[in-house]
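Participant: have a look at this prediction, sequence included:
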Amino acid sequence: MKRSIGVLAGMLTLLVASTVPSVAAEPARTPVYMIVFGNVSYNGAPVAAGDEVRGYTPENMLVAKYVVTRDASDQYGFMPVYGDDTTTPPKDGAAAGDELRFVLYRTSDGQEHPAQFKSIERVPFRAGKKELRLDLMF
């Protein structure tokens, strides 16, 4: 009985650990990218140093990450959003037209928070050198 409880507790720990977003996760850096920047807030207040603005593809592939470096920051970027390098398999970034999803990872609670407001409603991936201003409220 004790062994079964121990095995169950170990499986539960593994399951919880695998669903918590990792601070160390990094997007694959490819030669294909777009740049985003803008204002950022959480519940109407600036974000804290160490918090991360992250971008994901529809398949939940991490393709962008910007770590805030100073407390009470109300801006993020210039953040590269990496696209798929089609010369290398498998898919390692956003494909042209993929609708990007942005979240705020808060170090204070260890949770990802989805954007409640974006200054651009739909953000499809478009590789290019021109920067895109995208204000985010979480």
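Facilitator: Happy to help now that I have it.

Participant: if I look at the most centrally placed residue in the chain, how far off is V63?
Facilitator: Taking Cα atoms, centre = their mean, the centroid of the chain lies closest to R54, which sits 1.8 Å from it. Applying Cβ to Cβ, to the nearest Å, one obtains 9 Å for the distance of R54 from V63. C-beta here means a position set from N, CA and C on the backbone, and glycine is covered the same way.

Participant: could you do P80 as well?
Facilitator: For P80, the distance to V63 - Cβ to Cβ - is 9 Å.

Participant: more crowded one of those two?
Facilitator: V63 (26 against 20; other Cβ atoms under 10 Å).

Participant: quick check, the more buried one in contact with M79.
Facilitator: No - taking contacts as Cβ atoms under 8 Å, V63 lies outside contact range of M79: 10.2 Å.

Participant: for stretch 76-89, give the mean pLDDT please.
Facilitator: For stretch 76-89, mean pLDDT rounds to 96.

Participant: first-to-last residue distance for that stretch?
Facilitator: 31 Å (Cα to Cα, to the nearest Å).

Participant: pull out the buried positions in it.
Facilitator: Neighbour-count burial for stretch 76-89, counted by 16 or more other Cβ atoms under 10 Å, picks out 76-77, 79-84.

Participant: shouldn't R29 be within a helix?
Facilitator: No - judged by DSSP: H, G, I helix; E, B strand; the rest coil, R29 forms no part of a helix; its state is coil.

Participant: tell me the pLDDT of S22.
Facilitator: 48.

Participant: scratch that, V7 is what I was asking about
Facilitator: 40.

Participant: report the rounded mean pLDDT for the one helix or strand the residue nearest to the centre of the chain maps to.
Facilitator: Per DSSP states H and E, R54 falls inside strand 52-56. In this model, strand 52-56 has a mean pLDDT of 98.

Participant: close enough to count as contact, Y33 and M79?
Facilitator: No - applying Cβ under 8 Å as the test, Y33 and M79 come out as separate, 9.6 Å apart.
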